[in-house]
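Undergrad: whatever this is, show me its structure:
(one chain, ligands or ions: 1)
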Amino acid sequence: MEFHNEESQFKKALLVYRESHKSALYSKKYSGFAAPASVSDWEKIPVLTRSEIHERSFPSSMDMMTCPLEDAIVISTGGSSGVARYTAYTHSEWDAFVTAQARALEILGITRKDRVANLFIAGHFWPSFLGLHDSIKKIGAVHLPISANIPPEEIVKLCQQFEPTVMISLPTLFVFLADMANRDGFKFKNLRMINYAGEHLSAVAEQHVSKALGVTRIKAGAYTSSDAGIMGYQCDHTPSGVYHVPTHFQWIELIDFDRGCRVKQGEKGDVVVTNLNRTSNPIIRYRVGDVAKWQEGTCPCGDRNPLLKLAGRAGADFKLGGGFISMDVFENAIARHAPALSLNFQLEISDIGGQFEVDLKIEAPRLPEPLMITTLRNELFQAVPELRISEEKNYLRQFTITPLEIGKLPRSPITGKVSHLKDNRVL
Ligand SMILES: [Zn+2]
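TA: Numbering: from 1, shown residues only. Take a look at the predicted model:
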């Protein structure tokens, strides 16, 4: 993708900055500030927070907008976190967003010759399905708009009938398709690549999907935020969690908020992003909530856009008996029993009169042998000392493992995700 150095990014950002003064939020936020004259001045601009965006965006407020709401698309930006939040893009801003997305897919090797199955959920303002529709059109590939709104048996049937070469969806759906393939013994004849987005796909889940669906090329989609758009894309040389930054589209700074300055090479910092294209709802120095560091050197692919290594989002751990337990321990233990057990699972923790209960619900293509469940329980108690100690001290009232038919765990009706942790405790 096109490379812009920081000086050129600064010039573009300045145009967005000037435009932002037409909005109620920014004109107040920046009042008394002289326009930044250099990159070091730029770093003094106060950051934009998530709550500012969410409280002051359409439809609850027009404060972020620099223009009337017209010729635009409204999308949801926070469907999976419980509270629905929205933002508006003008159609031309949306077009720039999907153009960058399309370029990212082309870099992964999708061409006009591909048939791409779009297996995202549509509706509820959720942008994935629509964004992919537009990106596929930009590439000139063949779009199979199957969606994940229909029953999974239908998805399989249509994919067998229309023979996609590429499938794009969430990890939850690919794990589910892998479970169905294990149960029903099918393959997708021409499928050569899987592209996933929206959730993390662990190494064990990737193996599970690759083996069951017979696909070796499984690539992560772009690093995006619905508020800021595409912030990173992968190439053939980037390992998991490493992304090229599209410098023509976003200006990313890594900030150490304790010291109040940029991080040095190799240090971790908070991702602060300025979208260089969006002026209707400007995103200027937005603290995304991710931590990352710059990777040194140039990528062997020849792309000059810098490499960002994400430290991963927090939230996959939980507290039990004084210790922090990583969900990876559960996933890895379950993976040892794949394909009999699925990697779509949910750990539910509840408080019952001062004690707690844990129920591990796991989807399974066929009802697993009781011995496998007992073995898994023993392995988990071996791997997680807090479980053993809590049981000995009588804090743990019961620990159950409940196998479920595949597809039976609750999915978010908006995104289709299965949440791996459901913590009902009042902490
Ligand atoms: Zn590269």
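
Undergrad: what sits against Leu108?
TA: By Cβ atoms under 8 Å, 6 or more residues apart in numbering, Leu108 lies in contact with 193, 195, 219, 234-236. C-beta: built from backbone N, CA, C; applies to glycine.

Undergrad: for Glu52, that is, sorry about that
TA: Leu25.

Undergrad: separation between it and Arg287?
TA: According to Cβ to Cβ, to the nearest Å, Glu52 stands 10 Å off from Arg287.

Undergrad: rewinding a little: among the contacts of Leu108, which ones are in strands?
TA: Among the contacts of Leu108, the members found in strands (DSSP state E) are 193, 195, 219.

Undergrad: list only buried entries from the contacts of Leu108.
TA: Buried subset of those (neighbour count, 16 or more other Cβ atoms under 10 Å): 193, 195, 219, 234-235.

Undergrad: the ion: which of those residues is nearest?
TA: Distance to the ion across those (Cβ to the ion) is lowest for Cys235, with 3.3 Å.

Undergrad: so what's the nearest residue in space to that closest one that is not next to it in sequence up against?
TA: Closest residue to Cys235 apart from its sequence neighbours, by Cβ to Cβ, 6 or more residues apart in numbering: Cys301 at 4.3 Å. Residues in contact with Cys301 (Cβ under 8 Å, 6+ apart) are 235-237.

Undergrad: sort out which of the residues you listed are in helices and list them.
TA: Using DSSP state H, no member of these sits in helices.

Undergrad: want to throw the residues you listed into TSV with pLDDT and distance to the ion?
TA: Below are those laid out as TSV (pLDDT from 0 to 100; distance: Cβ to the ion, whole Å):
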residue	pLDDT	distance to the ion
Cys235	94	3
Asp236	92	7
His237	93	5
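
Undergrad: what does the stretch 151-300 of the chain have sitting close to the ion?
TA: 235, 237, 299 (Cβ under 5 Å from the ion).

Undergrad: ok, now which ones touch the second one?
TA: Taking Cβ under 8 Å, 6+ apart as the definition of contact, the neighbours of His237 are 299-301.

Undergrad: next one: the last one
TA: With Cβ under 8 Å, 6+ apart as the criterion, the residues that contact Cys299 are 235, 237-238, 244, 307.

Undergrad: dihedrals phi and psi, the residue nearest to Cys235?
TA: Main-chain torsions, Cys301, degrees, to the nearest 10: phi -70, psi -10.

Undergrad: list the contacts for the closest residue to Ser280 other than its chain neighbours?
TA: In this structure, Ser280 finds its nearest non-sequential neighbour in Thr90, 4.7 Å apart by Cβ to Cβ, 6+ apart. Applying Cβ under 8 Å, 6+ apart, we find Thr90 in contact with 67, 71-72, 280.

Undergrad: ok, of these, which come out buried?
TA: By neighbour count, with 16+ other Cβ under 10 Å, the contacts of Thr90 hold 67, 72, 280 as buried.

Undergrad: just these: which are in strands?
TA: Per DSSP E, these map to strands at Ala72.

Undergrad: just name the closest of the buried ones among the contacts of Thr90 to the ion, please.
TA: Nearest to the ion, judged by Cβ to the ion, of these is Ser280 at 31.4 Å.

Undergrad: contact partners for the closest one?
TA: Contacts of Ser280 were listed using Cβ under 8 Å, 6+ apart, and they are 65-67, 72, 88-90, 93.

Undergrad: of these, which is the nearest to Asp179?
TA: Nearest to Asp179, judged by Cβ to Cβ, of the contacts of Ser280 is Tyr89 at 36.2 Å.

Undergrad: ok but that closest one is inside a strand, no?
TA: Yes: according to DSSP: H, G, I helix; E, B strand; the rest coil, Tyr89 belongs to a strand.

Undergrad: neighbours around it, how many?
TA: When neighbours are counted by other Cβ atoms under 10 Å, Tyr89 registers 22.

Undergrad: do you know the pLDDT at the nearest residue to it once chain neighbours are set aside?
TA: Closest residue to Tyr89 apart from its sequence neighbours, by Cβ to Cβ, 6+ apart: Ile73 at 5.5 Å. Note for Ile73: predicted pLDDT of 97.
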